[in-house]
Structure formats: structure tokens, C-alpha cells
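Engineer: Next come a sequence and a model predicted from it.
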Amino acid sequence: MKRHQNLLMALAVVVLVALPLWMVHKPAPGPDGKEAEIFAGADSQAEGLIGRIDPGYRPWVKPLMEPPSGEIETLLFALQAALGAGFIGYWYGSASTRARLQREQETTTSC
């Protein structure tokens, strides 16, 4: 029974992640005729603003890898955030467990 529950939970997670991405509709092109990106973030807006302020601006460095689309870039950013949150959560959990075990050991040795 426990195995079926785990499989159902994993399936529910996949559905909850995929369903919103599948249901999103691409917006109509803007007044300038450019196609709107669905998952565009502040980076692309800042890049456009810099281009309007100083058309001759050249970036100082080039990216090591250019993602094929904005969606992939967003996915990589979310993956980076998830890995960071997982690392911090693991560290916090192990540190609090270590402190709790140390307190328990001190109380048993002092008695």
C-alpha cells in the first residue's frame, strides 16, 4: 500500500508541475510586431532598456552557454534555486540534529 501511495504522490507532483505549463497560452504579438515571450523575466527587460538608453553598449563578458530559449533559461534558474534550497535545508536539518544529539549526550553524561 505504501508503494502505491508514493507512486500516486509522484504522479500528482508531475501533473501539478506539467499542467500549468501545458495550459498557458502564448500572448498575441505586441504593437511593435515582436512576439511576446511567455516566461520573460527582469533580465530581458533590463537588456532592452540598456539597448534603448545606449544603442552602442557592448557587454563586458560573453555567457559560457546560451540557452536555446527563455523557457530553458527559466528552467535552469529554477533548478539552481531548488538545488540551493535543498542544500540549505539539508545543512540546517543536519546542524539542528547534531545540536539536539549533542544536548542529549550532555544530559545523559551529567546524570
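Structural biologist: Received the coordinates, thanks.

Engineer: and the least confident helix or strand in the chain by mean pLDDT, which residues are buried?
Structural biologist: Ranked by mean pLDDT, DSSP states H and E, the weakest helix or strand in the chain is helix 42-53, scoring a mean of 83. For helix 42-53, the neighbour count (16 or more other Cβ atoms under 10 Å) marks no residue as buried. Heads up, the C-betas are built off the backbone N, CA and C, glycines and all.

Engineer: How about stretch 68-81?
Structural biologist: For stretch 68-81, burial by neighbour count (16+ other Cβ under 10 Å) applies to Glu73, Thr74.

Engineer: Would you pull up how far the least confident helix or strand of the chain lies from the middle of the chain?
Structural biologist: 22 Å (Cα atoms, centre = their mean, to the nearest Å).

Engineer: Poorly predicted segments of the protein, please.
Structural biologist: 1, 39-40, 111 (pLDDT under 70).

Engineer: residue closest to the middle of it?
Structural biologist: Computing the C-alpha centroid of the chain and ranking residues by Cα atoms, centre = their mean puts Ala78 first, at 1.4 Å.

Engineer: Quickly note the distance from that one to Val17.
Structural biologist: Remark: distance between Ala78 and Val17 (Cβ to Cβ, to the nearest Å) = 10 Å.

Engineer: picking that back up, can you tell me the element the residue nearest to the centre of the chain falls in?
Structural biologist: helix 70-110 (DSSP states H and E).

Engineer: by how many degrees do that helix and helix 42-53 diverge?
Structural biologist: 130 degrees (axes from the mean of the first three to the mean of the last three Cα atoms, to 10 degrees).

Engineer: packing partners for helix 70-110?
Structural biologist: Packing contacts for helix 70-110, counted by 3 or more Cβ pairs under 8 Å, 6 or more residues apart in numbering; DSSP states H and E, involve no helix or strand.

Engineer: can I assume Gly41 is in contact with Thr74?
Structural biologist: Yes - Gly41 lies in contact with Thr74 (Cβ atoms under 8 Å); the separation is 6.9 Å.

Engineer: OK, contacts around Pro27?
Structural biologist: Ala36, Ile38 (Cβ atoms under 8 Å, 6 or more residues apart in numbering).
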